[in-house]
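1. need a 3D model of the sequence below.
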Amino acid sequence: MSTSTTEHDGRDEETPLLRPSSPDGKTTKKRTPLPMGQMTILLLLQLAEPITSQCILPFINQLIGELDITGGDETKVGYYAGLIESLFFVAEAITVLQWSRLSDHVGRKPILLIGTFGMIISMVSFGLSRTFWTLVISRCICGALNGNIGVMKSMVADITDETNLSQALSLMPVTWAVGSTIGPLMGGQLSRPATRFPEIFGSPFWRQYPYFLPCGVAAAFTTLSLVLAAFFLKESLPKDTSSTHPPSSDALRSQAVMDLAEGATLEHTDPSYPVSSSDSREKPLPLRALLTAPVVLSVSNYATLALLDIALFALMPLFMSTHIEHGGLGLPPSTIGLCLGIFGLSNGVFQALFFTRIVDYWGPKLVFMAAMSSFIPIFALFPVTNTLARAFGLSTPVWIGVAAQFTVMILMDMAYGCVFVFILSSAPNKRSLGATNGLAQTVISVQRAIGPVMSTSLFALSVEKNIMGGHGVYFFLIVLCCLSLILAAKLPRRAWNAKTEE
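-> The predicted structure follows:
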């Protein structure tokens, strides 16, 4: 596919976010040190997201069974677990675009504070819930108030320039991986404390609310992040956008993403490329103006990734907790949390050490397609592992299958870093970063609302009706993966507005 760089015009409000890189590759700027104080607070806010969202994974299926929602029918647990997860994303899909667009006008900080406060309320109420609908309401509160993911990315772009944006972005998946390690471990090890630690948590409260401890600890950490952000996080959205003076680092901040996609050195920029005063006069664009071909294609690929990914992570704890004869492995919450925690840690280390090198060498499109292709063996290993468990019990062959599955999942997770290169580079201008990220987040929230209820319901239906030996859900998801590769093939080899397209 070939794309051309939009001609620079001082009157054009839709100046491309990415500039052509230097033709001679001369080093003209040293890397600007990251504003570590502000980055630390942002990363703490981001860390709270996976901790709060994933600490419930090890025990959610057991909690649903204990509330007698299913009437004692274990095969129906998947329906309700998927519904709880999906309704969170339904609420998020309704509001996230408005939060992101609002951040382009009133600032990033107030939106982040509101979203973080919503997480605290959600976790406390979830831990105190004793009915299905209070579980649903607590998750919907979090989803409705949560515009943080897209706003955080916009704020990172605000406080960095073209020499250090890539460095800042590389910290975000590592932070998410750390949270993805802590969250499941916390949920698995701290659940049911009255049973596991009766000498400390022997009071009636802990017996009545056996899952409040992990939720309360997650809420306490999120409260700490909120307090630090309220007092020390500085607003990053420029207050004066009418100045005729061209910005310095702000004007070309997203060149680093282009360099990452092209395998260029971060310091390679072109000082001769004209920077118009329009860069400082840009305004957030209306929603219709965002629907350009690059944005639509990038967001569409993000959506397919999100659908398959959330389907996978909704199935994983359900598969692990379901009894072997019903298509799972029959593991307790503590073991599920340990497995997910080890995966999160391994994934974080791998992404930190190898992601940038791999993308530098192969380019984001090839890596993205390879990562999307890895869903095929991931889903195929579910029935293989269950078949081994039926034949040999929880023996070495089963754990080899689980380890192989998590290893391929680490490769799959590279897709997120790649697709974000395309989304960021597709934004019409930098004042529309929030809206572009919000649009992407809205679409994937819809997909993530569909994914859990789709995959867990198909899991329950496959087991109940014995479709393809109880494994029909995995064959369906493999077909979806193959279809997603057709869409991925339409992406450019490098970032949008790259100097050349091969």
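
2. what about the strands in the stretch 51-200 of the chain?
-> Taking DSSP state E, counting those that start in this stretch as the criterion, the stretch 51-200 of the chain contains no strands.

3. name the single longest helix found in this protein.
-> Criterion DSSP state H: the longest helix present in the chain is helix 433-465.

4. could you point out which element follows that one?
-> Towards the C-terminus, the helix or strand next in line after helix 433-465, according to DSSP states H and E, is helix 472-488.

5. can you list the helices and strands that that next one packs against?
-> With contacts taken as 3 or more Cβ pairs under 8 Å, 6 or more residues apart in numbering; DSSP states H and E, helix 472-488 sits against helix 293-321, helix 364-373, helix 375-392, helix 433-465. Where you see a C-beta, it was placed from the backbone N, CA and C, and this is true even at glycine.

6. deepest of those helices, which one?
-> Burial of those is given as mean neighbour count (mean count of other Cβ atoms under 10 Å); helix 433-465 ranks first at a mean of 24.

7. what's the average pLDDT for it?
-> Throughout helix 433-465, pLDDT has a mean value of 83.

8. cool, stretch 174-187 as well?
-> 86.

9. how close does the residue of the chain positioned farthest from its centre sit to residue 206?
-> Distance from the C-alpha centroid of the chain, by Cα atoms, centre = their mean, peaks at residue 199 (38.5 Å). Counting by Cβ to Cβ, to the nearest Å, the gap from residue 199 to residue 206 is 12 Å.

10. likewise for residue 177?
-> Taking Cβ to Cβ as the criterion, residue 177 is separated from residue 206 by 31 Å.

11. could you do residue 414 as well?
-> 41 Å.

12. same check on residue 77?
-> 24 Å.

13. between those two, tell me which one has more neighbours.
-> Between residue 77 and residue 206, counted using other Cβ atoms under 10 Å, residue 77 has the larger neighbour count: 24 against 19.

14. got the contact list for the more buried one?
-> Counting by Cβ atoms under 8 Å, 6 or more residues apart in numbering, residue 77 makes contact with 61, 64-65, 70, 318, 322, 460.

15. helices of the stretch 51-200 of the chain, residue ranges please.
-> Chain-ordered helices for the stretch 51-200 of the chain, with DSSP state H, counting those that start in this stretch as the definition, fall at 60-66, 77-106, 108-127, 132-145, 148-159, 165-190, 193-196.

16. deepest of those, which one?
-> Of the helices of the stretch 51-200 of the chain, the one with the most neighbours on average (mean count of other Cβ under 10 Å) is helix 148-159, at a mean of 25.

17. distance from the chain centre to that one, please.
-> With Cα atoms, centre = their mean, to the nearest Å as the basis, helix 148-159 stands 13 Å off its chain's centre.

18. how far off helix 108-127 does it point, in degrees?
-> Orientation note: helix 148-159 sits at an angle of 150 degrees relative to helix 108-127 (axes from the mean of the first three to the mean of the last three Cα atoms, to 10 degrees).

19. got any ranges where the stretch 251-400 of the chain has weak pLDDT?
-> Low-confidence segments of the stretch 251-400 of the chain, defined by pLDDT under 70: 251-287.

20. quick one, what contacts the residue lying closest to residue 126 once chain neighbours are set aside?
-> Counting by Cβ to Cβ, 6 or more residues apart in numbering, residue 126 lies nearest to residue 138, which is 4.2 Å off, once chain neighbours are set aside. Under the criterion of Cβ under 8 Å, 6+ apart, the contact partners of residue 138 comprise 121-123, 125-126, 129.

21. now with 10 Å?
-> When contacts are counted by Cβ atoms under 10 Å, 6 or more residues apart in numbering, residue 138 is found next to 84, 88, 121-129, 215.

22. now these in a markdown table, with distance to residue 483 and pLDDT?
-> Rendered in a markdown table, the data for the contacts of residue 138 read as follows (distance: Cβ to Cβ, whole Å; pLDDT from 0 to 100):
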| residue | distance to residue 483 | pLDDT |
| --- | --- | --- |
| 84 | 27 | 83 |
| 88 | 26 | 82 |
| 121 | 39 | 95 |
| 122 | 34 | 94 |
| 123 | 36 | 95 |
| 124 | 41 | 96 |
| 125 | 39 | 95 |
| 126 | 35 | 94 |
| 127 | 39 | 94 |
| 128 | 42 | 94 |
| 129 | 38 | 91 |
| 215 | 38 | 96 |
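
23. what's the closest of those residues to residue 394?
-> residue 84 (27.5 Å; Cβ to Cβ).

24. measure the closest one to residue 444 for me?
-> Here the criterion is Cβ to Cβ. By it, residue 84 lies 18 Å from residue 444.

25. next, residue 201: phi, psi?
-> Note on residue 201: backbone dihedrals following degrees, to the nearest 10 are phi -120, psi 50.

26. so what's residue 66 closest to, chain neighbours aside?
-> Leaving out its chain neighbours, residue 66 is closest to residue 210 (Cβ to Cβ, 6+ apart), at 7.9 Å.

27. touching, that neighbour and residue 128? I think so.
-> No - proximity of residue 210 to residue 128 does not meet the contact threshold set by Cβ atoms under 10 Å, at 11.4 Å.

28. if you count what's nearby, which of these two comes out ahead?
-> It is residue 210, of residue 210 and residue 128, that has more neighbours when counted by other Cβ under 10 Å, with 21 against 15.

29. in what helix or strand does that one lie?
-> Here residue 210 is covered by no helix or strand, with elements defined by DSSP H and E.

30. residues contacting it?
-> Going by Cβ under 10 Å, 6+ apart, residue 210 touches 59, 62-63, 66, 127, 191-196, 201.

31. go on, residue 331?
-> By Cβ under 10 Å, 6+ apart, the residues touching residue 331 are 58, 188, 317, 319-324, 337-339, 394, 402.

32. surely residue 171 meets residue 153?
-> No - checked against Cβ under 10 Å, the pair residue 171 and residue 153 is beyond contact range at 11.9 Å.

33. for the nearest residue to residue 482 once chain neighbours are set aside, what are its contacts?
-> Once its chain neighbours are removed from consideration, residue 482 has its nearest residue in residue 376; the separation is 7.4 Å (Cβ to Cβ, 6+ apart). With contact taken as Cβ under 10 Å, 6+ apart, residue 376 is in contact with 408, 477-479, 481-482, 485.

34. quick check: the farthest pair among the residues you listed?
-> 408 and 479 (18.2 Å).
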